[in-house]
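Visitor: sequence and predicted structure are below.
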Amino acid sequence: ETRSFFFVSCSWLPMSFLLRNKFVQFGLPMLVLMVAGSLGLREFSEARIQLRDEHTRKLTDDAVRQTKTKQDAFDMNRELERLQELASTEWEQKRVPRPEDIQRQYEEKGRKRG
């Protein structure tokens, strides 16, 4: 029976059974990688959230007040006047063709050709 050097040299250890176990060879390293990856991702996401929080804290109360004062208060009468000016411009109402109209157009074109 051929064994690798590692197993032959460790055959005198009582843990030689564990070293040949499939779970110890493949399952345990996979679980360790999954747990380590999860912890690593948690650290990176916490760092990202902290950076975003620091960035938002830089925005002081004065800056918030300035942005609020720059916005004009909504006035219903002014908005109505603006919309009436837009409506008074010249425009033409056009009917949207319906499926029946399109069918009639194809039929009329077919009659003209035939």
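Guide: Perfect, thanks for sending it.
Visitor: give me the secondary structure label for residue 73.
Guide: Going by DSSP: H, G, I helix; E, B strand; the rest coil, the secondary structure assigned to residue 73 is coil.
Visitor: next: residue 94.
Guide: Here residue 94 is coil, with the state taken from three-state DSSP.
Visitor: for it, grab the count of nearby residues.
Guide: Using other C-beta atoms under 10 Å, residue 94 is surrounded by 6 other residues. Placement of C-beta: from N, CA and C, glycine included.
Visitor: report pLDDT for it.
Guide: With respect to pLDDT, residue 94 scores 84.
Visitor: quick check on it: phi, psi?
Guide: The phi/psi pair for residue 94 (degrees, to the nearest 10) reads phi -120, psi 140.
Visitor: same question for the one 4 residues further on.
Guide: Recorded main-chain torsions at residue 98 are phi -100, psi 160, according to degrees, to the nearest 10.
Visitor: tell me the pLDDT at it?
Guide: 86.
Visitor: next one: it from residue 82, what distance?
Guide: The spacing between residue 98 and residue 82, counted by C-beta to C-beta, to the nearest Å, is 33 Å.
Visitor: and residue 49, by the same measure?
Guide: Here residue 49 is placed at a distance of 42 Å from residue 82 (C-beta to C-beta).
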